[in-house]
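Peer 1: okay, sequence plus prediction incoming.
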Amino acid sequence: MRCALPISLMVFVAAAGLTMSALAAPADDFKAAYAAAERASKQAAALKTQWTTTVATLKAAQAAATAGKYDEAIALAKQAQALAEASIAQAEDQATAWKAGVIR
Amino acid sequence: MLRKLLLLGVLAFGAAHPARAADTVDPKAEFTAFRAYFTSRFPKVALDDFVNGPYSMDEGLRKQWKEIEEFPPYEFAVDKGKELFAKPFANGKTYADCFPDKGIGIRQNYPYFDPKSGQVITLELALNQCREANGEKPLDYQKDDMAALTAYMAFTSRGKRFDIKIPDDPRALAAYRKGEEYFYTRRGQLNFSCASCHVQSAGNHIRTEVLAPALGIMAAMPIYRSEWGSMGTTSRRLTSCNSQVRAVPLPPQDELYRDVEYFLTYMGNGLPVSGPGARP
């Protein structure tokens, strides 16, 4: 009986810990995904090749995370990163490709 | 001088090596080719008619436009612009004090390359520079009073022929080149350049609209657009074009926007000012 309380306390603490880590994992995953997307987005903006869809998708990712919808938020952050990277690839390609269109 | 010599060297090298022709900058040759492209592609369109944009491409639209011109939607902007233009600043001076010929009949000379600042000066920028030099706050570049002032100034210049100069200054040539690059560079998620619509697809329909040819496209600015339900400046048109292809627009009067205006207006040299205009 003397051990009952500490054991239940331990079980409670362990359960609470598991719950907290279960919650923290998607939040941390979102933070990492969002940070990567934001880095790519900032690079695109610096190159003046930002797409409106990148900005909108980043915003939607943040809104989903605020609402606790982490799976959706992570997917949106990854989508935003892909959009930003595609816009950077476009700018790199167009750095020389534009010349082919010049009327001569 | 050294920069001029280097530039000449680069130009000479490019001319001697056809494979590098795309890297040379020859505004006069490009002007000739640009005009030839449109006049040969649209042989039935009179040269001066290109300034009428979509109306030069589509007979149905042209009929509607002729009727719209009976009571032009930009008329209020011209009247308001005239009032604003004459209204003295707090220091007693007016816009007329900032411009050659008191600002009347000068639209055809804008934009120009300013050797002092080393930049392209558009009419919109010049108006705000005038305000700031006289202690006034700058206007929003995209609509309202700026659109009214430029509408009035364009109206006083109607029929005068564009005469944009590229002085013998490597910085001017660089500005022209940057404008040209901006015009032909694909951007936005839709992967469109200005040329995608206004060169390759000029005269074609995009949804219900007829795409205006790039030749003479700056001549009608500013414009009343039915789509906007109001007047808009060149700045508004450029930011709107960028948004339509899902590219984040640059700030109005960004150096690149001024450079592309410089390039495009130069390409329309010799064509008459037709602004302010009305567009669908």
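Peer 2: Received it, and whenever you're ready, just let me know what you need.

Peer 1: helices of chain B, start to end?
Peer 2: For chain B, applying DSSP state H gives helices covering B:2-16, B:27-41, B:59-68, B:75-86, B:123-133, B:144-155, B:170-184, B:194-195, B:234-244, B:255-267.

Peer 1: mean pLDDT for these: which is lowest?
Peer 2: Set side by side, the helices of chain B give their lowest mean pLDDT on helix B:2-16, at a mean of 41.

Peer 1: ok so, going back, could the helices of chain B go into JSON lines alongside distance to A:Ala36 and mean neighbour count?
Peer 2: C-betas here are computed from N, CA, C, even on glycine. JSON lines is the format used below for the helices of chain B (distance: least, CB to CB, whole Å; neighbours: other CB atoms under 10 Å in any protein chain shown):
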{"stretch": "helix B:2-16", "distance to A:Ala36": "41", "mean neighbour count": "12"}
{"stretch": "helix B:27-41", "distance to A:Ala36": "42", "mean neighbour count": "16"}
{"stretch": "helix B:59-68", "distance to A:Ala36": "48", "mean neighbour count": "13"}
{"stretch": "helix B:75-86", "distance to A:Ala36": "47", "mean neighbour count": "17"}
{"stretch": "helix B:123-133", "distance to A:Ala36": "39", "mean neighbour count": "20"}
{"stretch": "helix B:144-155", "distance to A:Ala36": "41", "mean neighbour count": "25"}
{"stretch": "helix B:170-184", "distance to A:Ala36": "30", "mean neighbour count": "20"}
{"stretch": "helix B:194-195", "distance to A:Ala36": "32", "mean neighbour count": "22"}
{"stretch": "helix B:234-244", "distance to A:Ala36": "26", "mean neighbour count": "21"}
{"stretch": "helix B:255-267", "distance to A:Ala36": "28", "mean neighbour count": "25"}
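
Peer 1: those helices into JSON lines, with extra columns for distance to A:Lys31?
Peer 2: Below are the helices of chain B laid out as JSON lines (distance: least, CB to CB, whole Å):
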{"stretch": "helix B:2-16", "distance to A:Lys31": "49"}
{"stretch": "helix B:27-41", "distance to A:Lys31": "50"}
{"stretch": "helix B:59-68", "distance to A:Lys31": "53"}
{"stretch": "helix B:75-86", "distance to A:Lys31": "50"}
{"stretch": "helix B:123-133", "distance to A:Lys31": "43"}
{"stretch": "helix B:144-155", "distance to A:Lys31": "43"}
{"stretch": "helix B:170-184", "distance to A:Lys31": "37"}
{"stretch": "helix B:194-195", "distance to A:Lys31": "39"}
{"stretch": "helix B:234-244", "distance to A:Lys31": "30"}
{"stretch": "helix B:255-267", "distance to A:Lys31": "35"}
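
Peer 1: show me the shaky parts of chain A.
Peer 2: Across chain A, the ranges flagged by pLDDT under 70 are A:1-24.

Peer 1: that one against chain B: which residues are in contact?
Peer 2: The interface of chain A toward chain B, taken as CB under 8 Å from any CB of the partner chain, is made up of A:45, A:48-53, A:55, A:83, A:86-87, A:90-91, A:94, A:97-104.

Peer 1: quick one: which of the residues you listed sit in helices?
Peer 2: Using DSSP H, the members of the residues of chain A next to chain B that fall within helices are A:Ala45, A:Thr52, A:Thr53, A:Val55, A:Leu83, A:Ala86, A:Ser87, A:Gln90, A:Ala91, A:Gln94, A:Ala97.

Peer 1: B:Val245 against B:Cys194, yeah?
Peer 2: No. In this structure, B:Val245 sits apart from B:Cys194 without contact. The criterion is CB atoms under 8 Å, and the distance is 9.3 Å.

Peer 1: show me the contacts for B:Tyr37.
Peer 2: Taking CB atoms under 8 Å, 6 or more residues apart in numbering or on different chains as the definition of contact, the neighbours of B:Tyr37 are A:Ile103, B:Val199.

Peer 1: what about it, distance to B:Tyr176?
Peer 2: 18 Å (CB to CB, to the nearest Å).

Peer 1: list only those of the ones in helices among the residues of chain A next to chain B flagged as buried.
Peer 2: Neighbour counting by 16 or more other CB atoms under 10 Å in any protein chain shown classes A:Thr52, A:Thr53, A:Val55, A:Leu83, A:Ala86, A:Ser87, A:Gln90, A:Ala91, A:Gln94 among those as buried.

Peer 1: the closest residue to the last one other than its chain neighbours and A:Ala97, how far apart?
Peer 2: Pointing back at A:Gln94 there. Nearest residue to A:Gln94, sequence neighbours excluded (CB to CB, 6 or more residues apart in numbering or on different chains): B:Thr185, at 4.8 Å. As judged by CB to CB, B:Thr185 and A:Ala97 stand 8 Å apart.

Peer 1: what's the answer for B:Ile164, then?
Peer 2: 27 Å.

Peer 1: re the thing from before, how many neighbours does the residue nearest to A:Gln94 have?
Peer 2: As a burial measure, B:Thr185 scores 24 neighbours (other CB atoms under 10 Å in any protein chain shown).

Peer 1: touching, it and B:Ser196? I think so.
Peer 2: No. Using CB under 8 Å, B:Thr185 is not in contact with B:Ser196, being 10.2 Å away.
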